[in-house]
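> sequence isn't available, so here's the structure alone:
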């Protein structure tokens, strides 16, 4: 959706700078359902990096908890083609 792959750039920077100390940086690309693999009891935290339409200028960023936002996407269901990460997280919580 025109985010220019910001998540991939963050992963590349983490790998290039050797910043992955005690965590794993992974690309789940356009398959948000892959996030469910990481929603395990032994996982302490998950940080997601993606572009979100918040009316900010290019390059601006915000850190927020899933509970602080709500989805406005109209979806027909939970599929790998519709990509609503908030719904994936809600599904993971059961």
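It's in. Everything numeric here is computed off the predicted structure, so don't read it as measured data.

> local confidence estimate at residue 13?
Looking at residue 13, its pLDDT is 91.

> now for it, how many residues are close by?
Neighbours of residue 13 under the rule other Cβ atoms under 10 Å: 11. Where C-beta positions appear, they are placed from N, C-alpha and C, glycine not excepted.

> for it, give me its contacts.
Residue 13 makes contact with residue 19, according to Cβ atoms under 8 Å, 6 or more residues apart in numbering.

> in which helix or strand would I find it?
helix 6-16 (DSSP states H and E).

> how about that helix: buried residues?
Across helix 6-16, burial judged by 16 or more other Cβ atoms under 10 Å covers 7, 10-11, 14.

> going by distance to residue 30, which of the residues you listed wins?
Nearest to residue 30 among the buried residues of helix 6-16, counting by Cβ to Cβ, is residue 7 at 10.5 Å.

> relative to residue 62, how far out is the closest one?
15 Å (Cβ to Cβ, to the nearest Å).

> host element of the most centrally placed residue in the chain?
Central residue of the chain (Cα atoms, centre = their mean): residue 48, 3.3 Å from the mean position. Under the criterion of DSSP H and E, residue 48 resides outside all helices and strands.

> can you check residue 87 too?
Going by DSSP H and E, residue 87 is part of helix 85-93.

> report the distance from that helix to the chain centre.
11 Å (Cα atoms, centre = their mean, to the nearest Å).

> for that helix, packing partners?
Counting contacts by 3 or more Cβ pairs under 8 Å, 6 or more residues apart in numbering; DSSP states H and E, helix 85-93 is packed against no other helix or strand.

> touching it from outside, list them.
Residues contacting helix 85-93 (Cβ under 8 Å, 6+ apart): 32-33, 35-36, 39, 48, 50, 66, 69-71, 75, 78.
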